[in-house]
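Trainee: structure of the sequence below:
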Amino acid sequence: MAGHSLGGIVSLIYSAEHEEQVAGIAFIDSSHYNQYDYFGKEYRDATFNQIEEYLPYVWLIELRSNLGVSKLMAIFDTSMSEEQVEEHSMLESIHRWNSPYSTMKSMASNLKLSFEQGKEAHYDLGDLPIIVLSAGSPVVSDSQEIEGISTEEFRKGFDILQKDLAGLSSNGKHVFVNGTNHGSIVYNDETADHILSLIPLIGER
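Mentor: Model (predicted):
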């Protein structure tokens, strides 16, 4: 299984409920079931509130995509890097086939439940092949600070939690994919290579 962001927790929950079906897990810049509690109650509550407040604006993302604004930006904005153009194209494709509003609303509404289920699914995975891939760039902007937790503090804590995911198995490994952020890590060639590296380990088991 390969899970990005919240999908990492979903992969962990699935592996706990269907252990016999899971031969390996790749956590791709994954959420950690304890990442909000790790920074304290005030940080956790503020983060969940931010997510809920963001939802009314999500329809604008869909409208922008439907009108082709994202595509026009990628064509005419010469200051955009090749990576940014590629990311715009990917998002446009996602929004065309899947309404982000309903997906985001469902995710936010069930976010707390997902993290609680992740805690329950936290167990010793034995020697299950695991690779934890972290983006080389911070998951939050340099200027962001929530309830006194700075970007630097968050990054240090997030890295510790990523190592914790790798430690769920005696056959776990944590690596950074340089030159990527939380979004671009998904379609990076190095990410694919790391995921494929699990296959020989699965065969050895």
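
Trainee: what's around E17, how many residues?
Mentor: Applying the criterion other CB atoms under 10 Å, we find 11 residues in the vicinity of E17. From N, CA and C alone the C-beta is placed, and that goes for glycine too.

Trainee: sorry, wrong one. I was asking about L111.
Mentor: Other residues within reach of L111, judged by other CB under 10 Å, total 18.

Trainee: also the one 4 residues further on?
Mentor: By the measure other CB under 10 Å, the count of residues near F115 is 20.

Trainee: contact partners for it?
Mentor: Residues near F115 by CB atoms under 8 Å, 6 or more residues apart in numbering: 9, 31, 33-36.

Trainee: recalculate using a threshold of 6 Å.
Mentor: For F115, the set of contacting residues under the criterion of CB atoms under 6 Å, 6 or more residues apart in numbering consists of Y33.

Trainee: just say helix, strand or coil for it.
Mentor: Here F115 is helix, with the state taken from DSSP: H, G, I helix; E, B strand; the rest coil.

Trainee: report pLDDT for it.
Mentor: Among the per-residue scores, F115 holds a pLDDT of 87.

Trainee: before we move on, what about D159?
Mentor: In this prediction, D159 carries a pLDDT score of 91.

Trainee: repeat that for the one 3 residues further on.
Mentor: Q162 is assigned a pLDDT of 93 by the prediction.

Trainee: that one against A135, yeah?
Mentor: No - here Q162 does not reach A135: they are 10.1 Å apart, not a contact under CB atoms under 6 Å.

Trainee: which SS class is D127?
Mentor: What three-state DSSP gives for D127 is coil.

Trainee: state the phi and psi torsions of it.
Mentor: phi -110, psi 30 (degrees, to the nearest 10).
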